[in-house]
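[1] My questions are about this predicted structure, shown below with the sequence.
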Amino acid sequence: MTTMSHPITSTLGQSEREATGALLQAALLDLIDLSLVAKQAHWNVVGRHFRDVHFHLDELVALARKYTDEVAERSSAIGVSPDGRVRTVAAGSRVPEFPDGWQTDKNVVRAIVEALDVVALRMRTRVEESEQPDPVTQDLFIEITQALEKTRWMWQAKLVES
């Protein structure tokens, strides 16, 4: 198979494109893995609050997939080929691994809050690091961070005992 080196050019300078591309690639891996963790949890949740957690996980998967696509397309738009292959995701994601087997609804909620913590905090770092090389990408990272933090709040609220 023939690989093309740089068929898409960018309005960014070379160093800005490379720095921004690296930030986008790291975000892509985290978001793909977040969607996979949420889907794994979706299939394996059990417990009294199964239905609520099960459907809330579908919402999280949709959110992660939406932003996965936006991040990958932003990367392509600046001339950086996104890499969402399974090996790349496994090697580069920092999302905590979801345990195997059936998981209680409460354990699933805790795991999802932990995963959202990691992804949101890493996204906040990307917000800061993208300001100089590409404010357009920074704006995307701000939007994603806002959505992740809102989602994290809703998941964390499930842990409060009434």
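    Perfect, thanks for sending it.

[2] what about residue 101, distance to residue 55?
    Residue 101 sits 21 Å away from residue 55, going by CB to CB, to the nearest Å. C-beta here means a position set from N, CA and C on the backbone, and glycine is covered the same way.

[3] Tell me where the model's unsure across this structure.
    Scanning the chain for pLDDT under 70 picks out the ranges 1-5, 162.

[4] so where do the helices sit in it?
    14-44, 50-77, 86-92, 105-130, 135-157 (DSSP state H).

[5] Run through the neighbouring helices and strands of the fourth one.
    Which is helix 105-130. Contact here means 3 or more CB pairs under 8 Å, 6 or more residues apart in numbering; DSSP states H and E; on that basis helix 105-130 packs against helix 14-44, strand 45-46, helix 50-77, helix 135-157.

[6] and these as TSV, adding distance to residue 127?
    Listed next are the helices and strands packed on helix 105-130 as TSV, based on distance: least, CB to CB, whole Å:
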stretch	distance to residue 127
helix 14-44	9
strand 45-46	31
helix 50-77	13
helix 135-157	5
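
[7] got those as JSON lines, with distance to residue 125 and mean neighbour count columns?
    Putting these into JSON lines (distance: least, CB to CB, whole Å; neighbours: other CB atoms under 10 Å) gives the following:
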{"stretch": "helix 14-44", "distance to residue 125": "9", "mean neighbour count": "21"}
{"stretch": "strand 45-46", "distance to residue 125": "30", "mean neighbour count": "20"}
{"stretch": "helix 50-77", "distance to residue 125": "15", "mean neighbour count": "18"}
{"stretch": "helix 135-157", "distance to residue 125": "9", "mean neighbour count": "17"}
